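> Predicted model and sequence follow; I will ask about them next.
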Amino acid sequence: MATWLAERRLAQNAARLAELRHELAQIEEQYAVVASEADDHALRALVSETPLAEFEATDARRHASALDRHRLHLVGEIAELERRQDELLDRIAAAPR
């Protein structure tokens, strides 16, 4: 691969990494709030023992679970992009000058 092409891909990769890291920070903040809310709903459901409270607790748990899955997906994407970045840097370093 030509050095200029590797450098271009590296720049694109770095931009995507920055976007994903920013999104991950936002999702982690949201997840902390939603998970806390889900815990509160679960406690209320336990105390009140009403179908509505149980429904709200289940709904809050589902929402927290969905955010956690998205968070894990982002972590995986970031790891893959970091691996790709390392590979591109190795190619650039190994290229004849």
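Here it is on my side, so go on. Numbers count the residues shown, from 1 in each chain.

> When you work out contacts or count neighbours from here on, use the C-alpha atoms and nothing else.
Fine.

> Could you list the low-pLDDT ranges of the chain?
Filtered on pLDDT under 70, the chain yields the residue ranges 1.

> How far does the longest helix along it sit from its chain's centre?
Using DSSP state H to define each element, the chain has its longest helix at helix 3-48. Taking Cα atoms, centre = their mean, to the nearest Å, one finds helix 3-48 lying 4 Å from the centre of the chain it belongs to.

> Let the chain start at 888 from now.
Got it, first residue is 888 now, which makes that one helix 890-935.

> Output the contacting helices and strands for it.
Contact partners of helix 890-935 among helices and strands, from 3 or more Cα pairs under 8 Å, 6 or more residues apart in numbering; DSSP states H and E: helix 938-981.

> how far off helix 890-935 does the helix it packs on point, in degrees?
Angle of helix 938-981 versus helix 890-935, following axes from the mean of the first three to the mean of the last three Cα atoms, to 10 degrees, is 160 degrees.

> And stretch 948-956, what's buried?
For stretch 948-956, a neighbour-count test (16 or more other Cα atoms under 10 Å) marks Arg948, His950, Ala951, Ser952, Leu954, Asp955 as buried.

> what's around Arg903, how many residues?
Neighbour count of Arg903, defined by other Cα atoms under 10 Å: 15.

> now swap in Val921 and tell me
Val921, neighbours per other Cα under 10 Å, totals 19.

> my guess is it meets Arg949, correct?
No: distance between Val921 and Arg949: 10.0 Å, which falls outside the contact criterion (Cα atoms under 8 Å).

> Mind listing residues that contact stretch 945-952?
For stretch 945-952, contacts defined as Cα atoms under 8 Å, 6 or more residues apart in numbering pick out Tyr918, Val921, Ala922, Glu924, Ala925, His928, Ala929.

> Now render the residues you listed as JSON lines, adding distance to Val962.
Shown next, in JSON lines, are those (distance: Cα to Cα, whole Å):
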{"residue": "Tyr918", "distance to Val962": "14"}
{"residue": "Val921", "distance to Val962": "19"}
{"residue": "Ala922", "distance to Val962": "18"}
{"residue": "Glu924", "distance to Val962": "23"}
{"residue": "Ala925", "distance to Val962": "23"}
{"residue": "His928", "distance to Val962": "28"}
{"residue": "Ala929", "distance to Val962": "27"}
